[in-house]
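A.B. asks: have a look at this prediction, sequence included:
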Amino acid sequence: MFPYAPWLVWAFPIVSSLLVPLIARFSKRAKDYFAVAMCLITLTFAFSMVPDVYFNVLESSNLTVYWIPSLSISAGVYTKEKVTLEFLEEIKTISRT
């Protein structure tokens, strides 16, 4: 999985969509190519997460940041983090005590 892929898979299209009107000023064809390229990049981020989820080699976590703090609105992703054998052994020793 690419680093930050869970964040990029939804944030990248939002940010790149803000650039579409600027690209459209140059040419309609450039705007169309830009939109397709951004979709393909986002698709790459999404597909990069499939093996980690499919083989279940990750531990889940919830990562959020405040988006609009005054309204208590946050944005985030439900991700999975890689679990190492050392980490599992550490948890076992802690749970035994």
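C.D. replies: Nice, I can see it.
A.B. asks: CA only for contacts and neighbour counts going forward, please
C.D. replies: Will do.
A.B. asks: which SSE is Val65 in?
C.D. replies: Under the criterion of DSSP states H and E, Val65 resides in strand 58-68.
A.B. asks: now swap in Thr44 and tell me
C.D. replies: Here Thr44 is assigned to helix 28-48, by DSSP H and E.
A.B. asks: how far does stretch 37-46 sit from its chain's centre?
C.D. replies: Relative to its parent chain, stretch 37-46 has a centroid offset of 11 Å by CA atoms, centre = their mean, to the nearest Å.
A.B. asks: buried residues, it. List them.
C.D. replies: In terms of neighbour count (16 or more other CA atoms under 10 Å), stretch 37-46 has its buried residues at 39, 42, 45-46.
A.B. asks: need those residues in JSON lines with distance to Pro69 and pLDDT, can you?
C.D. replies: Converted to JSON lines, these look like this (distance: CA to CA, whole Å; pLDDT from 0 to 100):
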{"residue": "Cys39", "distance to Pro69": "30", "pLDDT": "94"}
{"residue": "Thr42", "distance to Pro69": "27", "pLDDT": "94"}
{"residue": "Phe45", "distance to Pro69": "28", "pLDDT": "89"}
{"residue": "Ala46", "distance to Pro69": "28", "pLDDT": "89"}
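A.B. asks: who touches Tyr4 in this structure?
C.D. replies: Contact analysis of Tyr4 by CA atoms under 8 Å, 6 or more residues apart in numbering lists nothing.
A.B. asks: what about this structure, any weak spots by pLDDT?
C.D. replies: 1, 56-63, 76-92, 95-97 (pLDDT under 70).
A.B. asks: in which helix or strand does Ile23 reside?
C.D. replies: Per DSSP H and E: helix 5-24 holds Ile23.
A.B. asks: restricting to C-alpha, output that helix in PDB.
C.D. replies: Extracted in PDB, the C-alpha atoms of helix 5-24 (Å, rounded to 0.1, in the frame of the first residue of the first chain):
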ATOM      1  CA  ALA A   5      -3.300   5.900   0.400                       C
ATOM      2  CA  PRO A   6      -6.400   5.900   2.500                       C
ATOM      3  CA  TRP A   7      -6.200   9.700   2.800                       C
ATOM      4  CA  LEU A   8      -5.200  10.300  -0.800                       C
ATOM      5  CA  VAL A   9      -8.000   8.100  -2.300                       C
ATOM      6  CA  TRP A  10     -10.600  10.700  -1.200                       C
ATOM      7  CA  ALA A  11      -8.600  13.900  -0.700                       C
ATOM      8  CA  PHE A  12      -6.800  13.800  -4.100                       C
ATOM      9  CA  PRO A  13      -9.900  14.000  -6.200                       C
ATOM     10  CA  ILE A  14     -11.300  16.800  -4.100                       C
ATOM     11  CA  VAL A  15      -8.100  18.900  -4.400                       C
ATOM     12  CA  SER A  16      -7.600  18.100  -8.100                       C
ATOM     13  CA  SER A  17     -11.200  19.000  -8.900                       C
ATOM     14  CA  LEU A  18     -10.500  22.500  -7.700                       C
ATOM     15  CA  LEU A  19      -7.800  22.700 -10.400                       C
ATOM     16  CA  VAL A  20     -10.100  21.700 -13.300                       C
ATOM     17  CA  PRO A  21     -11.400  25.300 -13.900                       C
ATOM     18  CA  LEU A  22      -7.800  26.600 -14.100                       C
ATOM     19  CA  ILE A  23      -6.800  23.900 -16.500                       C
ATOM     20  CA  ALA A  24      -9.900  24.600 -18.600                       C
END
